[in-house]
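Peer 1: Sequence and predicted structure are below.
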Amino acid sequence: MTTTPGTNVLRILLDSDALIAMVEGSDASHERATEIFRILIARNACLFIASTTVAEVITTLQRKYGHRSAAGDLYERLLTHWVEVVPVDRDLISGAHAYYTSFGSKQNTIFDAINIAAVKTYHLDAIFSFDRWYARQGVTMVSELFK
Amino acid sequence: MIATTIYMPRDLYGRVGLVARDQKKPKAQVIRDFVADGVAKQQHDPDATRKFVEALASMQFRGGVRDASKRHDHYTWD
């Protein structure tokens, strides 16, 4: 298992689909998301989220569910400092450029490219996402850590 | 990134060099990794993840959307 050199703290980047699966109880991935979050608690993992993912997931909840309460609730929880927000600055956007231009698919967006750049720039151990596309880009999926 | 200058004992710098050689990384990256680890360890609330996940669980709702996580781009932008 990959851990950060010098410590046993597992550092995980959260993607928007993992958060949505967790809060939407009807979602097909909800049970799996809940199980993985339980493991992350047990492992005392340190959670990270890109600032662009914060905007993305809050926008999804607001637009899909037609009211602001779910989005507002999540917004408040992300402001608690229980999750480290990764600033998306010029360096990160620059780092994402290569991944973005190599996509060739409209399914994966600049948000996804920024996530890859965040994992690599901050030496995070894995991404918590159900999108296997990240694995094909060489990013460790959180599910691979707990096989 | 920003450039900074730090002073450290010569023997510590030597040990950084050994780690860099073992890990096949530049010394600057080894130092950045250790600083990032140290800061994260200092700042990390040991209960942060539990608190966050419990907070997420408490706001759970059932919108009846089975593919919300998989097709969130569609639901957001289309």
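Peer 2: Nice, thanks for sending it over. Numbering: from 1, shown residues only, chains lettered A, B, ... in the order given.
Peer 1: Tell me where chain A has strands.
Peer 2: Using DSSP state E, the strands of chain A run over A:11-14, A:46-50, A:84-86, A:126-128.
Peer 1: list the helices and strands the last one packs on?
Peer 2: For strand A:126-128, the contact count by 3 or more Cβ pairs under 8 Å, 6 or more residues apart in numbering or on different chains; DSSP states H and E identifies strand A:11-14, helix A:110-121, helix A:142-145 as packing neighbours. Where C-beta positions appear, they are placed from N, C-alpha and C, glycine not excepted.
Peer 1: Show me the one of those that comes nearest chain B.
Peer 2: Smallest distance to chain B across the helices and strands packed on strand A:126-128 (Cβ to the nearest Cβ): 7.0 Å, for strand A:11-14.
Peer 1: For the longest helix anywhere in chain A, give me every contacting residue.
Peer 2: Longest helix of chain A, by residue count under DSSP state H: helix A:51-65. For helix A:51-65, the external contacting residues (Cβ atoms under 8 Å, 6 or more residues apart in numbering or on different chains) are A:14-16, A:19-20, A:23, A:68, A:70-71, A:74-75, A:78, A:85-88, A:110-111, A:114-115, B:61, B:63, B:65, B:68, B:72, B:75-76.
Peer 1: circling back to that earlier point, could you dump the helices and strands packed on strand A:126-128 into TSV with mean pLDDT, mean neighbour count and distance to chain B added?
Peer 2: Output for those, formatted as TSV (pLDDT from 0 to 100; neighbours: other Cβ atoms under 10 Å in any protein chain shown; distance: least, Cβ to the nearest Cβ, whole Å):
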stretch	mean pLDDT	mean neighbour count	distance to chain B
strand A:11-14	96	25	7
helix A:110-121	94	22	9
helix A:142-145	92	18	12
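Peer 1: In CSV: the strands of chain A, plus distance to residue A:39.
Peer 2: Below are the strands of chain A laid out as CSV (distance: least, Cβ to Cβ, whole Å):
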stretch, distance to residue A:39
strand A:11-14, 10
strand A:46-50, 12
strand A:84-86, 19
strand A:126-128, 10
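Peer 1: Between those strands, which has the poorest mean confidence score?
Peer 2: For the strands of chain A, mean pLDDT drops lowest on strand A:84-86, to a mean of 90.
Peer 1: Show me the shaky parts of chain A.
Peer 2: Residue ranges of chain A with pLDDT under 70: A:1-8, A:66-68, A:103-106.
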